[in-house]
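Asker: with the sequence up front, the predicted model follows.
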Amino acid sequence: MKNTLKSSVQHMPLLQSFPTLELRSPYHLADFQPFSLELMSYTRHIRAIALTFFIVGLLAISSTLSFEAWQFNPSIVKENGLLELAQGGFLLLAALVQGWRAFNTHDSGLKRDIRVGLALFALALFLREVDIDKLGSSAAWDALEKILRVIALLMILSFTWHISRRVKLVFRNLGKVLLAPTVMLTMLACVFYASGWPFDRELFDMDKGLSQWFEETFELNACLLFFCASILGSIKTDVVKIQAPSF
């Protein structure tokens with residue numbers, strides 16, 4: 001049996017030269033790099049377009065549900081009504097998610113500072129939108145609101161002092177900070193907030209109830225964007241290349 005196997009191998013020169021075979025290609029690995037970068041660029045564009053459609057659809061659904069609820073019960077636009085409580089819920093979620101992602105992920109340095117700042121911003125808006133002292137008749141609600149306001153103020157002052165020591169770093173990376181997805185969506189939320197101000201002042205000639213609905217719906221969509229921003233990524237970290245030691 002062994003003799004038969006040896007004789008068959010001798011008649012197959014390809015197998016005899018197998019250790020010296022090399023797989024040659026006219027292409028180098030570097031030739032595929034432009035294609036890879038272009039593919040990554042297309043992927044980013046597709047993701048951005050998909051995210052845009054998702055957010056537009058989400059805002060359309062939110063506005064439609066808000067209008068239908070207002071038609072059914074016009075009192076939802078009043079202080080501490082359904083729409084304001086929904087706004088407070090989204091803001092509180094945004095603050096919690098931003099804070100959690102700041103200290104429970106691999107983010108550090110400026111990336112963490114961005115999330116902490118946005119978390120405190122959302123918390124401040126939550127305390128502005130929701131009158132906690134009016135959620136119940138007990139004096140405990142009033143005490144809870146005052147305690148939360150004091151805690152939020154102390155955290156904001158502490159964060160302001162922390163950022164004041166890193167002003168140069170912030171300005172050096174200001175472009176990256178402003179182009180971070182979580183920051184860009186937060187700025188869009190602020191635009192929605194500002195859009196509700198003319199309706200709050202009743203600058204347009206329309207029914208007061210409808211003007212209130214526009215104001216509260218703009219603010220509701222702004223708070224929804226704050227929550228969506230908390231899920232998105234922060235600035236990208238530069239890759240540092242370290243030359244391997246030679247032996």
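Answerer: Received, thanks.
Asker: where do the helices of the protein begin and end?
Answerer: For the chain, applying DSSP state H gives helices covering 2-10, 13-16, 33-72, 82-103, 110-129, 139-164, 167-172, 174-179, 181-200, 208-231.
Asker: got the angle for the third one vs helix 181-200?
Answerer: With axes from the mean of the first three to the mean of the last three Cα atoms, to 10 degrees applied, the angle from helix 33-72 to helix 181-200 works out at 30 degrees.
Asker: for helix 33-72, which positions count as buried?
Answerer: By 16 or more other Cβ atoms under 10 Å, the buried positions in helix 33-72 come out as Ile55, Leu59, Ser62, Ser63, Ser66, Ala69, Trp70. Every residue, glycine included, has its C-beta placed from N, CA and C.
Asker: tell me the one of these nearest Thr186?
Answerer: Thr186 lies nearest to Ile55 out of the buried residues of helix 33-72, by Cβ to Cβ, at 12.8 Å.
Asker: ok, and the closest non-adjacent residue to the closest one?
Answerer: Excluding its sequence neighbours, the residue lying closest to Ile55 (Cβ to Cβ, 6 or more residues apart in numbering) is Cys228, at 6.4 Å.
Asker: quick check: the one you found touching Leu58?
Answerer: Yes. Contact criterion Cβ atoms under 8 Å: Cys228 and Leu58 qualify, at 7.3 Å.
Asker: contacting residues around stretch 222-234?
Answerer: Stretch 222-234 is contacted from outside by 55, 58-59, 62, 86-88, 90-91, 93-95, 97-98, 101, 107, 111, 114-115, 118-119, 122, 125, 129, 180-183, 185-186, 188-190, 192-193, 196, using Cβ atoms under 8 Å, 6 or more residues apart in numbering.
Asker: return the set of buried residues in that stretch.
Answerer: Ala222, Cys223, Leu224, Leu225, Phe226, Phe227, Cys228, Ala229, Ser230, Ser234.
Asker: determine how far it lies from the middle of the whole chain.
Answerer: Remark: stretch 222-234 is offset 4 Å from the chain centroid, using Cα atoms, centre = their mean, to the nearest Å.
Asker: do stretch 51-66 as well
Answerer: Centre-to-centre, stretch 51-66 and its host chain are 16 Å apart (Cα atoms, centre = their mean).
Asker: next one: stretch 133-147
Answerer: Relative to the centre of its chain, stretch 133-147 is centred 32 Å away, using Cα atoms, centre = their mean.
Asker: mind checking the end-to-end distance for it?
Answerer: 11 Å (Cα to Cα, to the nearest Å).
Asker: one more: stretch 173-188?
Answerer: Start and end residues of stretch 173-188 are separated by 20 Å (Cα to Cα).
Asker: quick one: mean pLDDT for that stretch?
Answerer: Mean pLDDT, stretch 173-188: 90.
Asker: if you count neighbours, what's buried in that stretch?
Answerer: Buried residues in stretch 173-188, counting neighbours by 16+ other Cβ under 10 Å, are found at Asn173, Lys176, Val177, Ala180, Pro181, Thr182, Val183, Leu185, Thr186, Leu188.
Asker: how much space between Ile132 and Phe90?
Answerer: Distance of Ile132 to Phe90, computed by Cβ to Cβ, to the nearest Å: 16 Å.
Asker: appreciated, that's everything.
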